[in-house]
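Peer 1: For reference, the sequence and a predicted model appear below.
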Amino acid sequence: MTMRRPSLRFVRPALYAALSCLVAATPAAAQRTHVLIVSGISGEPRFAEQWSAWSGSLVTGLREAGVAAADIVRLDERGGDGAAARSTKEEIGRQVVRIAAAAAADDQVLLVFFGHGSGDGGATRINLPGPDLAASELAAMLTSFPTQRVIIVNAASASGGFVEPLAGANRVIITATRSAGQDNETIFGEYFAAAFEGGTGDTDKDGRVSLLEAFAYARLEVERAYASTNRMRTEHALLDADGDGIGVTEPDGSSTDAQVAAAIWFGTGGSAAVTAEAPADASPELRALYERRAALQSQVDALRARRSSMNEAQYEQELEALLVELATTNQAIRRIEGGSR
């Protein structure tokens, strides 16, 4: 039996659970999202039209959430109709290099693929104009993002084979299928994109659509679509958010997969729900917690600014301590505010 080396995320769940709470409690303006949406080679006009519509829907939803238009780039097989260029392997590589040069250390990167995939010959690929893009080749490209959180959504057929090769620290992988063997056309991408447009997937009504909400919405809508037409479901979406290379179809709410994905959202949507100052009618205890949270956040920011001059082990140790305390403070705030409603 071959044992995989656990990722940092898997080995240190306390750090990442705390980080999830921090992300959920930090105003979104502090983090920039860089988006690359890729539609592969269609083979038929109906697929080209379908993926173009899904891409457009996703762009609309992300723009509504507050992602800057300049930070969203689309590629398709023709390089027209709003696409910046053709979706060749070389162009994807160029775009990754461009994003890496523009991204700050704490920014997040969203890569979305619509298209056909294949798992022949033991290598899972996305079908593109010209040479296809193998999972191993995409994994090599992602090394350009050593500190940024990277979210990869592969909505193509046979996409389940991308989970293990791409998994790692600070990465979240979503696929439309659970294996490379599920190679029929997929509809997961349609509903994933729709989850963001108009806040459709915002199930907790906090004014923003988290990655977990979008995944859950799309998964359920796919189930309904197949059931409504009495078809056997040939796609089962996976989520791997803890970096262990194991995708789950229905993540338990208490799992690290769910906690990390629930704390990821794009743009500035929902920032009004996260206030830096205590409410005017807050109790002395609640005010003290808000002040403590602000002080901890300042310490985190200062520590991150000193990262380049610190030993990495020391940096991680100090960051973990701050994030755990910050998470505890956030939980106390939510407990008091929840009980006052």
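Peer 2: Perfect, I can see it now. Numbers count the residues shown, from 1 in each chain.

Peer 1: now the strands for the stretch 151-300 of the chain?
Peer 2: 171-175, 238-240 (DSSP state E, counting those that start in this stretch).

Peer 1: Strand partners (parallel or antiparallel) of the first one?
Peer 2: Looking back up the chat, that one is strand 171-175. Applying DSSP bridges, strand 171-175 is found paired with strand 149-154 (parallel), strand 238-240 (antiparallel).

Peer 1: what would those look like in a markdown table with mean pLDDT?
Peer 2: Supplementary listing: these in a markdown table, determined by pLDDT from 0 to 100:
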| stretch | mean pLDDT |
| --- | --- |
| strand 149-154 | 97 |
| strand 238-240 | 97 |
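
Peer 1: Mind checking the ones you listed for the one nearest to Val67?
Peer 2: strand 149-154 (12.6 Å; CB to CB). All C-beta atoms are positioned from the backbone trio N, CA, C, and that covers glycine.

Peer 1: hang on, the earlier thing: mind checking which of the strands of the stretch 151-300 of the chain is nearest Glu325?
Peer 2: Per CB to CB, nearest to Glu325 of these: strand 171-175, 24.8 Å.

Peer 1: that older thread, for the strands paired with strand 171-175, please prepare TSV with the additional fields distance to Ile187.
Peer 2: Formatted as TSV, the strands paired with strand 171-175 follow (distance: least, CB to CB, whole Å):
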stretch	distance to Ile187
strand 149-154	14
strand 238-240	15
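
Peer 1: Output those strands in TSV, with mean neighbour count and distance to Ala135 appended to each entry.
Peer 2: Shown next, in TSV, are those (neighbours: other CB atoms under 10 Å; distance: least, CB to CB, whole Å):
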stretch	mean neighbour count	distance to Ala135
strand 149-154	24	9
strand 238-240	26	13
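
Peer 1: okay, and for this protein, where does confidence drop off?
Peer 2: 1-30, 121, 269-277, 301, 304-305, 308, 339-341 (pLDDT under 70).

Peer 1: how close does the closest residue in space to Leu75 that isn't next to it in sequence sit to Ala227?
Peer 2: Leaving aside its chain neighbours, Leu75 sits nearest to Ser87 (3.9 Å; criterion: CB to CB, 6 or more residues apart in numbering). According to CB to CB, to the nearest Å, Ser87 and Ala227 sit 32 Å apart.

Peer 1: Same question for Ser42.
Peer 2: For Ser42 relative to Ala227 (CB to CB), the value is 27 Å.

Peer 1: repeat for Leu58
Peer 2: Taking CB to CB, one finds Leu58 at 25 Å from Ala227.

Peer 1: cool, and Gly181?
Peer 2: For Gly181 relative to Ala227 (CB to CB), the value is 22 Å.

Peer 1: Give the buried residues for stretch 248-259.
Peer 2: Val248, Pro251, Ser255, Thr256, Asp257, Ala258, Gln259 (16 or more other CB atoms under 10 Å).

Peer 1: My read is that the second one contacts Ala258, right?
Peer 2: Yes: Pro251 is in contact with Ala258 according to CB atoms under 8 Å; the separation is 4.1 Å.

Peer 1: what is in contact with the two at once?
Peer 2: Leu212, Ala241 (CB atoms under 8 Å, 6 or more residues apart in numbering).
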